[in-house]
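Novice: No letters, just coordinates:
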C-alpha cells in the first residue's frame, strides 16, 4: 500500500493527479492517504489513552481506563491493557492487568513500557512505570518509584524517556522529565533536564528529545516554553529550537521533514515546524488538537473538534469566523498545510486522545472516547490502513 501511495504522489507532482485518481480511485489531489473506513476491530468500554506499535507493526498495544473489550458483541476482560493484530483486527491473548489507568505506552524490542496511574501490573507492584513482555505479558524487573504521574514515553539513544508532572524518581530530584538506561533499567543520572510545569508529550530523534506541554521554562531558561528540544544524552536545552507556540502543546510527532504539534487554547491548532523552529504551516480547528501522527508526509490529527476552519482565524470558544468544513474528531493535512478530504467522522465530546502511525505497516491508529466512525459503531479504537 505504501508503494502505491508513493507512486501516486510522484504522479501528482508531475501534474497527473486527475488521471491517477481516475485510474486508481484511492488517492486525492495533493496527497495519498489511508482509507477513511477503519479495519474491523474490537471496541472497548472505557477511554483509550495510549497506543503503540510493535517494532514490526504486526501488533498495536492499547492502554487506557477500560475493563473490557467487545468482540462480535461479546465482552472479553481486558483490564486497561490489550493488544490487537493490525492485519486482521483480531483481539490478541495478551492481557496483563493494570489496577488503574494506563496513560502512555512505548515499545522497545520485546518490551512494552507502560506509564500511568497504576500501582500494580499483573498483581506485581509497580509504581506508575512498568516493563511488560510483549509476547507473554509477564512483568519485567524494571521498577522505580515516582512522586507524581508520568503521562508520556519515548525510546531512543539507548534510553527510555518519560515526561509528566512529577518531582522525584527513586528519591532523586527530577522536574517532570527523566530517563532510564534500557540495558540496565537504571535511572540515568546524567539526563536531568527540567521544566516548571507539566510535560504532556515528547518525541525522540537521534539528535533531540522534543518536549511539549504547559511549561514556561526549560532548564530554568525563561521563554523556553511549551515546545522545546533537549539533547538526548546530556539533557542540555537546544537554543536553536525555540518556536514559542501561543498555547498548551498536547501532542508532538516527528518525521524527516520536521516537527508536528497539536495545541489547545482558543479552539485548537495543528502546526508544523522545521528543525530550526520556523513555522511551515498552521491549521485551525474549533476544538483542541490532542493527538498527531505522521505517515508519508501527511499529518493525521485528532481531538475534540468538529470543524476545521477555512482560515487561521477563530473567535469566542474557538468558533471559526471565516467559514469551516466538517471534520469531526479526525483530519489529515498534507506537507504544504492543505486540509485533505480524509474525514472518517468520529463522534463524542472528547473525541480522539491518542494516535500513532507505522510506516512499514502503512497504517494509522486512533484511540480515545469516540463510539462511532462514519456513523458505524467503533468504540474507542480505530485502525486505518
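Specialist: Right, received. Where do you want to start? What you see is a predicted model; the values in this text were computed from it and never measured.
Novice: Residue 267: how many residues sit nearby?
Specialist: Residues lying near residue 267 (other C-beta atoms under 10 Å) number 25. Using the backbone N, CA and C atoms, a C-beta is placed for each residue, glycine as well.
Novice: That one: what's it in contact with?
Specialist: 284-288, 305, 309, 314, 317-320 (C-beta atoms under 8 Å, 6 or more residues apart in numbering).
Novice: same deal with residue 50?
Specialist: Residue 50 sits next to 62-64, 102-105, 114, 116, 354, 367 when contact means C-beta under 8 Å, 6+ apart.
Novice: In strands only, show me these.
Specialist: Among the contacts of residue 50, the ones falling in strands (DSSP state E) are 62-64, 102-105, 114, 116, 354, 367.
Novice: could I get those as a markdown table with distance to residue 200 and pLDDT?
Specialist: Formatted as a markdown table, these follow (distance: C-beta to C-beta, whole Å; pLDDT from 0 to 100):
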| residue | distance to residue 200 | pLDDT |
| --- | --- | --- |
| 62 | 20 | 99 |
| 63 | 16 | 99 |
| 64 | 17 | 98 |
| 102 | 16 | 98 |
| 103 | 11 | 98 |
| 104 | 10 | 98 |
| 105 | 15 | 99 |
| 114 | 17 | 98 |
| 116 | 14 | 98 |
| 354 | 12 | 98 |
| 367 | 16 | 98 |
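Novice: now, which of those residues sits nearest residue 232?
Specialist: Comparing the ones in strands among the contacts of residue 50 against residue 232 with C-beta to C-beta places residue 104 closest, at 18.0 Å.
Novice: neighbours around that closest one, how many?
Specialist: By other C-beta under 10 Å, 26 other residues sit near residue 104.
Novice: sorry, back to before: could you tell me which of the ones in strands among the contacts of residue 50 count as buried?
Specialist: 62-64, 102-105, 114, 116, 354, 367 (16 or more other C-beta atoms under 10 Å).
Novice: Can you list phi and psi of residue 205 for me?
Specialist: phi -120, psi 180 (degrees, to the nearest 10).
Novice: Isn't it up against residue 254?
Specialist: Yes: using C-beta atoms under 8 Å, residue 205 makes contact with residue 254 at a distance of 5.7 Å.
Novice: hmm, back to that, tell me the one of the ones in strands among the contacts of residue 50 nearest residue 188?
Specialist: Looking across these and measuring by C-beta to C-beta, the closest to residue 188 is residue 104, at 18.0 Å.
Novice: Let me see the contact set for the closest one.
Specialist: Contact analysis of residue 104 by C-beta under 8 Å, 6+ apart lists 49-50, 63, 114-116, 150-153, 162.
Novice: do that again at 7 Å, thanks
Specialist: For residue 104, the contacting residues are 50, 115-116, 150-153, by C-beta atoms under 7 Å, 6 or more residues apart in numbering.
Novice: Same question for residue 383.
Specialist: Each residue near residue 383 by C-beta under 7 Å, 6+ apart is listed here: 38-39, 41, 60, 86, 89, 363, 365.
Novice: how close does it get to residue 356?
Specialist: Shown here: residue 383 relative to residue 356, a distance of 11 Å by C-beta to C-beta, to the nearest Å.
Novice: shared neighbours of those two, which are they?
Specialist: With C-beta under 7 Å, 6+ apart as the test, residue 383 and residue 356 both reach residue 365.
Novice: Shouldn't residue 317 be within a helix?
Specialist: Yes: according to DSSP: H, G, I helix; E, B strand; the rest coil, residue 317 belongs to a helix.
Novice: since we're on it, how many residues are nearby?
Specialist: Around residue 317 there are 9 residues (other C-beta under 10 Å).
Novice: Look up the pLDDT of it for me, please.
Specialist: You'll see residue 317 listed with a pLDDT of 82.
Novice: Spit out the contact partners of it.
Specialist: With contact set as C-beta under 7 Å, 6+ apart, residue 317 has no partners.
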